[in-house]
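Engineer: using only what follows, build the 3D model:
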Amino acid sequence: MCPNLSCSGTEIDRGRYPCAPDCHYSGRPIRQVWPIGRCNGVKGAMRKDAARNRDRLIAVARECFRAGAADISLEDIATKAKVGRSTLFRNFADRLDLIRAVQAAEQEAIAEECAQLGDRPDALFGLMRTVAKLTFIYRAMDDTLLSSPAGKAMMLQASRETAELFIEPIERARDAGLLRADVMPEDILIACNMIGSAQGSDFETSDAVFERGFALIMHGIGGPCRMVGERREPILDTDSA
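Structural biologist: Coordinates of the predicted model:
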């Protein structure tokens, strides 16, 4: 009998489940472990407790990555999420799979922020600040992992999705005279990467470096800038160099 209690499959056929077409177990070997556990008879569905476990793993990983713990182990993430190791690997095959899920959560958050900013002509610059900070956080990921074919594909897809979100805010900023006419979505992504990369690993000065880098970029692309041209104290201690 199919492990899915809602499925109509009741007999074993050559070692496979003869389930309804919309059942997770349809055609699967009897002894195969299905990653999300017992389904409810609808393809793609997940039990509420399984969905909560997955969401908790993503939330914990996201929190750790944002705190600078890019090298945290999967086992430690599972412990912090209060789930077992088996639950972790039922949801995520490997580290890149988890990073991909976290990246999707970040993209969703950016899209929500874009919607909340609405039709404001300066919405672009708020989005840029968010994306630049995420660049600083996620560039600390394992270079070997993200330079793999799968990692590169993931980052490329994230860049494309972010560039698409920038299109309408760019047009509004340009129409309001806040942005140079020749600035394209790809240029905004480059600018965000430049700002994020400038921060370095010194958390005592990273915020100040971020603000200065952001102001300089805003000046270059024609956005509002309150720091360029102002007298300021040095950010870095050059005397000790």
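
Engineer: pretty sure residue 180 sits in a strand.
Structural biologist: No. Counting by DSSP: H, G, I helix; E, B strand; the rest coil, residue 180 falls outside a strand, being coil.

Engineer: from here on, count from 40
Structural biologist: Shifting the count to begin at 40 puts that one at residue 219.

Engineer: and it, what does it touch?
Structural biologist: 213, 260, 261 (C-beta atoms under 8 Å, 6 or more residues apart in numbering). In short, each C-beta sits where N, CA and C put it, glycine included.

Engineer: what's the local residue count around the second one?
Structural biologist: Going back to what we said before, that points to residue 260. 20 (other C-beta atoms under 10 Å).

Engineer: tell me the contacts of it?
Structural biologist: Applying C-beta under 8 Å, 6+ apart, we find residue 260 in contact with 218, 219, 222, 226, 227, 230.

Engineer: quick check: closest non-adjacent residue to residue 122.
Structural biologist: Leaving aside its sequence neighbours, residue 122 sits nearest to residue 92 (C-beta to C-beta, 6 or more residues apart in numbering; 5.1 Å).

Engineer: tell me, how many residues neighbour residue 216?
Structural biologist: 10.

Engineer: lowest average confidence, helix or strand, in this structure?
Structural biologist: Scoring the helices and strands of the chain by mean pLDDT, DSSP states H and E places helix 182-185 at the bottom, with a mean of 72.

Engineer: elements contacting that helix?
Structural biologist: On a contact count with 3 or more C-beta pairs under 8 Å, 6 or more residues apart in numbering; DSSP states H and E, helix 182-185 meets helix 134-156, helix 188-214.

Engineer: quick one: residues in contact with the shortest one.
Structural biologist: Residues lying outside helix 134-156 but in contact with it, judged by C-beta under 8 Å, 6+ apart, are 93, 96-98, 100-101, 104, 113, 116, 131, 162, 165-166, 169-170, 173, 177, 180-181, 184-185, 187, 189-190, 193, 197, 200-201, 204, 208.

Engineer: now it against helix 188-214, angle please.
Structural biologist: 10 degrees (axes from the mean of the first three to the mean of the last three C-alpha atoms, to 10 degrees).

Engineer: for helix 134-156, C-alpha coordinates in PDB please.
Structural biologist: The C-alpha coordinates for helix 134-156 follow below in PDB (Å, rounded to 0.1, in the frame of the first residue of the first chain):
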ATOM      1  CA  ARG A 134      25.600  23.300   1.200                       C
ATOM      2  CA  LEU A 135      24.900  24.800  -2.200                       C
ATOM      3  CA  ASP A 136      21.300  23.600  -2.100                       C
ATOM      4  CA  LEU A 137      20.800  25.500   1.200                       C
ATOM      5  CA  ILE A 138      22.600  28.600  -0.100                       C
ATOM      6  CA  ARG A 139      20.300  28.500  -3.100                       C
ATOM      7  CA  ALA A 140      17.200  28.500  -0.800                       C
ATOM      8  CA  VAL A 141      18.600  31.400   1.300                       C
ATOM      9  CA  GLN A 142      19.400  33.300  -1.900                       C
ATOM     10  CA  ALA A 143      15.800  32.800  -3.000                       C
ATOM     11  CA  ALA A 144      14.600  34.100   0.400                       C
ATOM     12  CA  GLU A 145      16.800  37.200  -0.100                       C
ATOM     13  CA  GLN A 146      15.400  37.800  -3.600                       C
ATOM     14  CA  GLU A 147      11.900  37.600  -2.200                       C
ATOM     15  CA  ALA A 148      12.800  40.100   0.500                       C
ATOM     16  CA  ILE A 149      14.200  42.500  -2.200                       C
ATOM     17  CA  ALA A 150      11.000  42.200  -4.300                       C
ATOM     18  CA  GLU A 151       8.900  42.900  -1.200                       C
ATOM     19  CA  GLU A 152      10.900  46.000  -0.400                       C
ATOM     20  CA  CYS A 153      10.600  47.100  -4.000                       C
ATOM     21  CA  ALA A 154       6.800  46.800  -3.700                       C
ATOM     22  CA  GLN A 155       6.700  48.700  -0.400                       C
ATOM     23  CA  LEU A 156       8.700  51.600  -1.900                       C
END
